[in-house]
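In: Just a sequence and a predicted model for now, questions to come.
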Amino acid sequence: MKGAILFIFASLVFHYTQGQERSIDYKTSLTGFVAYQNTLPFWTTSNKHGLIPNGNGTLLEIGAFSDFTNRHKIQFAYGVSAAGFLSRPENKVILDELYASARWRNLRLDLGMIHPAEKFNGVSSTNGDFVRSGNSRTFPGYNLNSDFMKIPCTKGIVSIKFNWADYMMIDDCYVEDTRLHNKSAYLKIQPLQRLEIIVGLEHWAQWAGTSPSGEKQPSSFNDYIRIVCAEAGGSGSTVSDSLNALGNHLGREHLTISYLADNYTLSFYHDIPFEDGSGTDFRSFPDGTYCLYYGSKKRDLWITDVIYEFYYTKYQSGSRHDRPATPEEIAKQDPNSHFYGRKVLGGCDNYFNNGEYASGWTLYERTIGSPFMTAGLSGGIIRIINNRVVAHHIGMKGMAWQTTPYKLMLSYSKNYGTYGNPMKKDQFSGALEVTLPFRKLPFSVETGIYCDLGDLFKDNFGFTIKLSRKGKLIK
């Protein structure tokens, strides 16, 4: 099944790109990484699309990507990239990206496996998205999405964009062949030329698949409609899914306010995660991500980008989902209700975890969302073992002496585990990545130093060196 899916995507890439004259870029790199411990420091592996293994070794990456052609109303592009561990013979080659894209006016359709677009020039700890950060491998599927489109009769002040997507999770997770539905809608309001406000809602849902016992999860078209509408399960669903929504639902509510100057952008953004109704109606406050970002349009300055992000996910709408009802509350309840005798509080949201889909919001043992939500082994299953977090992150990027690009990442977090398995561990993680100014070499040289200090991870120090080359195969 998984091989067939990848073959279909490869065929689509070949079909869409035949007969199209286009520019094709290539990239290749060889990275070596070593650390004091047997594992690598936090920022060595985090937000690297799940490609770098958590141990000393060498990684070879290669890829080719086309641009969109502009000679036709419908434009096409494609890309393919792969990675392999040269120092680990037991590891197979990883297919990183394989996609074909079509664009018509403000609409775009992506087919295959593709990285999420980079935001905030790479200095954000979550790539500006609490739910899908670029911390894990890609998944195959389709994504119909749009640019912001102006709403008629608003004088260009109000615009809207959306996406609608479905994917397959092809890793060896607890529920095999889990499907993934995603949709979002964002509204942009620009009352002044330099002021921009964006509000939006993004929804993800895991559904279908086969449990370890061999039991098939509901997967009919009617079940898909229930997933889209976040409705309770029908016949064949588990007791939990019949009481709540079918599948595992999660997402974020988003707000961005930006000041657009001639030479820089200043932004505030706020993500509110949700797992159920208590998150969507703000009962989880103050949980969320709070961010301030400055980005310069002049790219040769000592500081071109700087971001501060504050994370708080400790509350989760309270510590309990329900409690015994009082006699007065029982008198008002329906005796036929599944919750008769219980008072539903809506707490213990347990971000990125789920009872039916026990691997939770992970892919190939990496958290799909914010890397501060720590994945680990629990009960013989890789799941999220730390989702009650208070964290501070500073990211900075610039051009030292107008010759040497660098990126600095500094993070400090207090980690409280989950309500079911509490912990209390402090953690500091840092990274400095520098591209050395060797202009006469036929490749670029990038180095990185990384460290972990604290209780969540072992005290550790790591170093990487990366030799890379980019160019054009066809001009």
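Out: Looks like it came in fine. Numbers count the residues shown, from 1 in each chain.

In: From here on, just use CA atoms for contacts and neighbour counts.
Out: Will do.

In: quick one: residue 72 is in a helix?
Out: No: counting by DSSP: H, G, I helix; E, B strand; the rest coil, residue 72 falls outside a helix, being coil.

In: quick one: average pLDDT of stretch 82-93?
Out: In this model, stretch 82-93 has an average pLDDT of 77.

In: now the end-to-end length of that stretch.
Out: This stretch, stretch 82-93, spans 7 Å end to end (C-alpha to C-alpha, to the nearest Å).

In: Confirm for me that residue 255 is in contact with residue 270.
Out: Yes: Residue 255 lies in contact with residue 270 (C-alpha atoms under 8 Å); the separation is 5.2 Å.

In: what about the two, which has more around it?
Out: Remark: of residue 255 and residue 270, residue 270 carries more neighbours, 23 against 19, as counted by other C-alpha atoms under 10 Å.

In: Pass me the low-pLDDT residue ranges in the stretch 251-400 of the chain, would you?
Out: 277-281, 319-327, 329-334, 336-348 (pLDDT under 70).

In: hey, where'd the strands end up in it?
Out: Secondary structure of the stretch 251-400 of the chain (DSSP state E, counting those that start in this stretch): strands located at 264-274, 288-296, 305-312, 322-324, 342-344, 362-363, 366-367, 374-378, 381-386, 389-400.

In: And for the stretch 1-150 of the chain?
Out: Ranges of strands in the stretch 1-150 of the chain, per DSSP E, counting those that start in this stretch, are 24-35, 57-66, 75-85, 94-104, 107-113, 141-146, 149-150.

In: Name the strands paired with the second one and say parallel or antiparallel.
Out: Each strand that pairs with strand 57-66, with its direction, by DSSP bridges: strand 24-35 (antiparallel), strand 75-85 (antiparallel).

In: can you check the shortest one too?
Out: Based on DSSP bridges, the strands next to strand 149-150 in the sheet, each with its direction, are strand 158-169 (antiparallel).

In: Now do the strand it pairs with: everything it contacts.
Out: 139-151, 177-190, 363 (C-alpha atoms under 8 Å, 6 or more residues apart in numbering).

In: quick revisit: which of the strands of the stretch 251-400 of the chain has the highest mean neighbour count?
Out: Greatest average neighbour count among those goes to strand 366-367 (a mean of 28), per mean count of other C-alpha atoms under 10 Å.

In: Could you tell me how far that one lies from the centre of the chain?
Out: Remark: strand 366-367 is offset 9 Å from the chain centroid, using C-alpha atoms, centre = their mean, to the nearest Å.

In: helices or strands up against it?
Out: Applying 3 or more C-alpha pairs under 8 Å, 6 or more residues apart in numbering; DSSP states H and E, we find strand 366-367 packed against strand 374-378.

In: which among the contacts of strand 158-169 end up buried?
Out: Among these, those buried by neighbour count (16 or more other C-alpha atoms under 10 Å) are 139-146, 148-150, 177-190, 363.

In: what about the stretch 101-250 of the chain, any weak spots by pLDDT?
Out: In the stretch 101-250 of the chain (pLDDT under 70), the answer is 232-244.

In: Now do the helices in it.
Out: Secondary structure of the stretch 101-250 of the chain (DSSP state H, counting those that start in this stretch): helices at 221-229, 239-243.

In: residues contacting the spatially closest residue to residue 203 that is not a sequence neighbour?
Out: Nearest residue to residue 203 in three dimensions, chain neighbours excluded: residue 251, at 4.5 Å (C-alpha to C-alpha, 6 or more residues apart in numbering). Residue 251 makes contacts with 131, 201-204, 273-275, as judged by C-alpha under 8 Å, 6+ apart.

In: 10 Å instead?
Out: Counting by C-alpha atoms under 10 Å, 6 or more residues apart in numbering, residue 251 makes contact with 130-132, 182-184, 201-205, 271-276, 279-280, 351-352.

In: Phi and psi next, for the residue most central in space within the chain.
Out: For the chain, residue 132 is the residue whose C-alpha lies nearest the centre (C-alpha atoms, centre = their mean; 1.7 Å). Per-residue torsions, residue 132: phi -130, psi 100 (degrees, to the nearest 10).

In: same check, this time on residue 140
Out: phi -80, psi 150.

In: hang on, isn't it packed against residue 170?
Out: Yes: the pair residue 140 / residue 170 is scored as a contact, 8.0 Å apart, by C-alpha atoms under 10 Å.

In: ok so, going back, look up how far residue 419 lies from the residue nearest to the centre of the chain.
Out: Distance of residue 132 to residue 419, given as C-alpha to C-alpha: 23 Å.

In: tell me the contacts of the nearest residue to residue 265 once chain neighbours are set aside?
Out: In space, and not counting its chain neighbours, residue 265 is closest to residue 295: 5.2 Å by C-alpha to C-alpha, 6+ apart. Contacts for residue 295 (C-alpha under 10 Å, 6+ apart) come out as 120-121, 260, 263-267, 303-307, 396-397.

In: Right, I'll call it a day here.
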